[in-house]
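A.B. asks: What follows is a predicted structure for the sequence shown.
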2 protein chains.
Amino acid sequence: MALKEQKREITINDIAKELNISPSTVSRALNDNAKISEATKEKVKAVAQDLGYELNLVASSLSKNKTNVIGVIIPNIGSQFFAKALSGIQEVARANGYNVIICQTNESVQQEVDMTRVMNSARVDGLVCCLTMETKDVGHFDVFTKKGIPVAMFDRVSYAVPGPKIVVDNYEAAYTATEHLINLGCKRVAHLAGTTSSKVFCDRTEGFKDALQKNDLPLLPQYLLSSDLTEQDARDAVRIWMNLPDKPDGIVAASASSGLIISAAAKSAGVRLPEDLSIISLGNERCNEFVTPSLSAVDMPGYDMGKSAVEQLIKCIKSEKVDSSITLKPIQLLIRNSSFKH
Amino acid sequence: MALKEQKREITINDIAKELNISPSTVSRALNDNAKISEATKEKVKAVAQDLGYELNLVASSLSKNKTNVIGVIIPNIGSQFFAKALSGIQEVARANGYNVIICQTNESVQQEVDMTRVMNSARVDGLVCCLTMETKDVGHFDVFTKKGIPVAMFDRVSYAVPGPKIVVDNYEAAYTATEHLINLGCKRVAHLAGTTSSKVFCDRTEGFKDALQKNDLPLLPQYLLSSDLTEQDARDAVRIWMNLPDKPDGIVAASASSGLIISAAAKSAGVRLPEDLSIISLGNERCNEFVTPSLSAVDMPGYDMGKSAVEQLIKCIKSEKVDSSITLKPIQLLIRNSSFKH
DNA sequence: ATTACAAATGCAAGCGCTTGCATAAAATAA
DNA sequence: TTATTTTATGCAAGCGCTTGCATTTGTAAT
């Protein structure tokens, strides 16, 4: 194995020596401190460039007691919603000079707890977080609040943790979707709901229920199925519903992926879409455009949520007044071919 | 605004004082140094727990000159291939006690360059990277190689940068896909290729060409279109091909997303799939199962690539002999309804 | 010219942890 | 018991940067 070229890193001391000035002056010059003359600033920067100096963020962080790192904890990167959120997070963070360290919990509470410890050890300046569907106890965030490290939460949030919350109006999303189906003439609208331990899904269920009620449709218990929204759950729901004497003529799926599966399952069960059955899902994926029939959806503003979460967080870090403790965001109804005028 | 509770962080000195021993002993005890007696180790750990001590990774990194952070630079998180790669990366990294900091380049060379500087400032212990499609010059990686910081590349790699490379056999992927169509009876197979500046796509094109040749099919220039694989490019390709006197009866798409669009465009142009036209794409997305007809694909092992990349990288970090400079990975042919026996 | 003040730079401590080396304590050998 | 190891702990420097305060230099006011 070849010898490693152990080039020592260039430090501010090297620059200082080169110019016969003190390291503190170099540090200040590089940070554009007002007390340093333009002349020396230029000299210092030139030499820095020459020597290939690059600030050691680790050392800087230690002495400033500030890492310029934002920690992100999300359930999983694979979902398009979170991918978009991540993009928004990254963008705003970078634009403000923050680096981002990301962990996914895979919807496991234990992993969420572990990740908070990691973030704490890394001494992140702030935390952006979307909770697991199962997270009940939020004691693992106490470390941060106790130290004054802000925690911004989006989508799946807990009001037991102080800090900005970015949520979408899930009630309205479901209400809109349901009413859309009703307006198309659906009389028997069903809902595949998510776990009741998550406020997101409870709100959606409420929106669904209220839309029915406001439109004088009965809420039949067999039309409201609650599950973990796995692939199997979605298939089971379709099987159950399609064996009913009164099959539903409209389905509101609580998630993008379950909507996709419901649609596929119904289709392969011989149901004509959308003539016999209209489907709409809460949450949009790129895929929805490509399936046949293309799948209507209420789009959730993932990118914007990520973006605002970091914006608010950074305000907190700077001890600026944060915009609000709760932010509601607009949602978009994407009407495609899976929902059909009856 | 409420006063911030400025609880000072607990340090090893606090533990030391509490026990009337020196900070070095505390440090060693917490690190399970062999020179420390079991008795004191236990005492130290107990007090640490009590006080809620958590190692300050920043300070530790500075003094050890090692951050335990792996930097990841990828084109975009949105694609399922990269999302899977990321999962693999995360998993292995975490299992080995490394944190991960992630940046996306959005396929911009300039951003890639910027990101390397960030990674350098952050003093990552190693770098996992998938290059932009356009990256030609790789001088921005010199900083790392000069300092002996390993750089592992996957998928879109450059052999001009030392370090482990994890690639998939793109030639074989395309060859297999093409031959699959030929075996089904396709006589006029076309290929929408990616940019020629990327080895990945060149290899795929070669595989396509060779498969034709080996099977005694002519390579007609109008059947080989090269592009950036944008949505528009894919639509254009379909339009061109469908206006040919001799329309192709098989298409190999160089990417998952272009395959999806080609299929949709062909369908809406009235082409019967798969009776008139078989389609297969290089790269699989979840969506491929849901479209009608479901879209055949050669699956790329994103998760495994990310996983091996980090595995190799960590070996490098530990100065262990790395498995190989090039790793070829198996690929899986997923035959669905878009490719059809003629 | 003398004092007063502002501008520019240097000194030195400190951020929290690690680690080579010295030292003290305990255990073993002579 | 004394010399010799072995085992356990402490000392102090150092990682690279920041920053309050002291100091020097230059400039304006008296």
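C.D. replies: Thanks, I have the structure now. Numbers count the residues shown, from 1 in each chain, chains lettered A, B, ... in the order given.

A.B. asks: And the helices in chain A, which stretches?
C.D. replies: Taking DSSP state H as the test, the helices found in chain A are A:12-19, A:23-30, A:38-51, A:57-64, A:80-95, A:109-121, A:142-147, A:170-183, A:199-214, A:231-242, A:256-268, A:302-317.

A.B. asks: so can I have CSV of the ones you listed showing mean neighbour count?
C.D. replies: For the C-beta atoms, the positions are set from N, CA and C on the backbone; glycine is no exception. Output for the helices of chain A, formatted as CSV (neighbours: other CB atoms under 10 Å in any protein chain shown):
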stretch, mean neighbour count
helix A:12-19, 17
helix A:23-30, 19
helix A:38-51, 14
helix A:57-64, 18
helix A:80-95, 22
helix A:109-121, 19
helix A:142-147, 16
helix A:170-183, 22
helix A:199-214, 20
helix A:231-242, 18
helix A:256-268, 23
helix A:302-317, 24
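
A.B. asks: Please name whichever of these is nearest to residue B:94.
C.D. replies: helix A:109-121 (8.2 Å; CB to CB).

A.B. asks: Put together JSON lines for the helices of chain A, with mean pLDDT and distance to residue A:295 on each row.
C.D. replies: Converted to JSON lines, the helices of chain A look like this (pLDDT from 0 to 100; distance: least, CB to CB, whole Å):
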{"stretch": "helix A:12-19", "mean pLDDT": "94", "distance to residue A:295": "58"}
{"stretch": "helix A:23-30", "mean pLDDT": "95", "distance to residue A:295": "54"}
{"stretch": "helix A:38-51", "mean pLDDT": "94", "distance to residue A:295": "54"}
{"stretch": "helix A:57-64", "mean pLDDT": "96", "distance to residue A:295": "45"}
{"stretch": "helix A:80-95", "mean pLDDT": "93", "distance to residue A:295": "13"}
{"stretch": "helix A:109-121", "mean pLDDT": "93", "distance to residue A:295": "31"}
{"stretch": "helix A:142-147", "mean pLDDT": "93", "distance to residue A:295": "39"}
{"stretch": "helix A:170-183", "mean pLDDT": "96", "distance to residue A:295": "12"}
{"stretch": "helix A:199-214", "mean pLDDT": "96", "distance to residue A:295": "17"}
{"stretch": "helix A:231-242", "mean pLDDT": "97", "distance to residue A:295": "13"}
{"stretch": "helix A:256-268", "mean pLDDT": "95", "distance to residue A:295": "6"}
{"stretch": "helix A:302-317", "mean pLDDT": "94", "distance to residue A:295": "17"}
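
A.B. asks: May I see these arranged in CSV, with distance to residue B:33 as well?
C.D. replies: Listed next are those as CSV, based on distance: least, CB to CB, whole Å:
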stretch, distance to residue B:33
helix A:12-19, 31
helix A:23-30, 33
helix A:38-51, 37
helix A:57-64, 23
helix A:80-95, 37
helix A:109-121, 19
helix A:142-147, 26
helix A:170-183, 52
helix A:199-214, 47
helix A:231-242, 49
helix A:256-268, 49
helix A:302-317, 36
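
A.B. asks: So residue A:264 is in contact with residue B:290, correct?
C.D. replies: Yes: in terms of CB atoms under 8 Å, residue A:264 counts as a neighbour of residue B:290; the distance is 5.6 Å.

A.B. asks: where do the contact lists of these two overlap?
C.D. replies: By the contact definition CB atoms under 8 Å, 6 or more residues apart in numbering or on different chains, residue A:264 and residue B:290 are jointly contacted by residue A:291.

A.B. asks: Please list the residues of the stretch 101-250 of chain A that sit near chain B.
C.D. replies: Proximity of the stretch 101-250 of chain A to chain B, by CB under 8 Å from any CB of the partner chain, involves residues A:101-104, A:117-118, A:120-123, A:143, A:146-148.

A.B. asks: Let me see the contact set for the closest residue to residue A:168 other than its chain neighbours.
C.D. replies: In this structure, residue A:168 finds its nearest non-sequential neighbour in residue A:329, 5.0 Å apart by CB to CB, 6 or more residues apart in numbering or on different chains. Residue A:329 makes contact with A:166-169, A:301, A:304-305, A:308, according to CB under 8 Å, 6+ apart.

A.B. asks: near DNA strand C, which residues of chain A?
C.D. replies: Within reach of DNA strand C by CB under 7 Å from any atom of the strand, chain A has these residues: A:20-25, A:28, A:34-37, A:39-40, A:59, A:62-63, A:65.

A.B. asks: if we look at DNA strand D, which of the residues you listed are close to it?
C.D. replies: Contacts with DNA strand D within those, counted by CB under 7 Å from any atom of the strand: A:23-24, A:28, A:59, A:62-63.

A.B. asks: Now render these as CSV, adding distance to residue A:217.
C.D. replies: Formatted as CSV, those follow (distance: CB to CB, whole Å):
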residue, distance to residue A:217
A:23, 75
A:24, 74
A:28, 70
A:59, 65
A:62, 63
A:63, 65
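
A.B. asks: any chance of the residues of the stretch 101-250 of chain A next to chain B in a markdown table, with distance to residue B:134 too?
C.D. replies: Putting those into a markdown table (distance: CB to CB, whole Å) gives the following:
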| residue | distance to residue B:134 |
| --- | --- |
| A:101 | 27 |
| A:102 | 25 |
| A:103 | 30 |
| A:104 | 29 |
| A:117 | 40 |
| A:118 | 35 |
| A:120 | 39 |
| A:121 | 38 |
| A:122 | 33 |
| A:123 | 36 |
| A:143 | 43 |
| A:146 | 47 |
| A:147 | 43 |
| A:148 | 44 |
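
A.B. asks: so which of these comes closest to residue A:181?
C.D. replies: Among these, and counting by CB to CB, the member closest to residue A:181 is residue A:104, at 33.7 Å.

A.B. asks: Between which two of the residues of the stretch 101-250 of chain A next to chain B is the distance greatest?
C.D. replies: Largest pairwise distance in these, by CB to CB, is 26.2 Å, between A:104 and A:148.

A.B. asks: Who has more neighbours out of the two?
C.D. replies: Between residue A:104 and residue A:148, counting by other CB atoms under 10 Å in any protein chain shown, residue A:104 is the more crowded of the two (24 against 14).

A.B. asks: residues touching the more buried one, list them.
C.D. replies: Applying CB under 8 Å, 6+ apart, we find residue A:104 in contact with A:73-77, A:111, B:87, B:90.

A.B. asks: export stretch A:298-307 as PDB, just CAs?
C.D. replies: The C-alpha coordinates for stretch A:298-307 follow below in PDB (Å, rounded to 0.1, in the frame of the first residue of the first chain):
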ATOM      1  CA  VAL A 298     -54.900  16.400  -3.100                       C
ATOM      2  CA  ASP A 299     -51.300  17.500  -3.400                       C
ATOM      3  CA  MET A 300     -49.400  18.200  -0.200                       C
ATOM      4  CA  PRO A 301     -46.800  21.000  -0.300                       C
ATOM      5  CA  GLY A 302     -43.800  19.000   0.700                       C
ATOM      6  CA  TYR A 303     -41.200  21.300  -0.600                       C
ATOM      7  CA  ASP A 304     -42.900  24.300   1.000                       C
ATOM      8  CA  MET A 305     -43.200  22.600   4.300                       C
ATOM      9  CA  GLY A 306     -39.600  21.800   4.400                       C
ATOM     10  CA  LYS A 307     -38.700  25.200   3.300                       C
END
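
A.B. asks: wait, does it make contact with chain B?
C.D. replies: No: against chain B, stretch A:298-307 shows no contacts by CB under 8 Å from any CB, the least distance being 10.3 Å.

A.B. asks: Ok, stretch A:257-271 next?
C.D. replies: Yes: counting by CB under 8 Å from any CB, chain B is contacted by stretch A:257-271 at A:260, A:263-264.

A.B. asks: Over to stretch A:273-290?
C.D. replies: Yes: using CB under 8 Å from any CB, stretch A:273-290 comes into contact with chain B via A:285-287, A:289-290.

A.B. asks: mind giving me the domain ranges of chain A?
C.D. replies: A:12-55, A:68-167+A:302-329, A:170-300 (automatic domain parsing).

A.B. asks: Could you name the stretch from those domains that's closest to residue B:176?
C.D. replies: With CB to CB as the criterion, residue B:176 lies closest to domain A:170-300 of the domains of chain A, at 23.9 Å.

A.B. asks: That closest one spans what distance, first to last residue?
C.D. replies: 9 Å (CA to CA, to the nearest Å).
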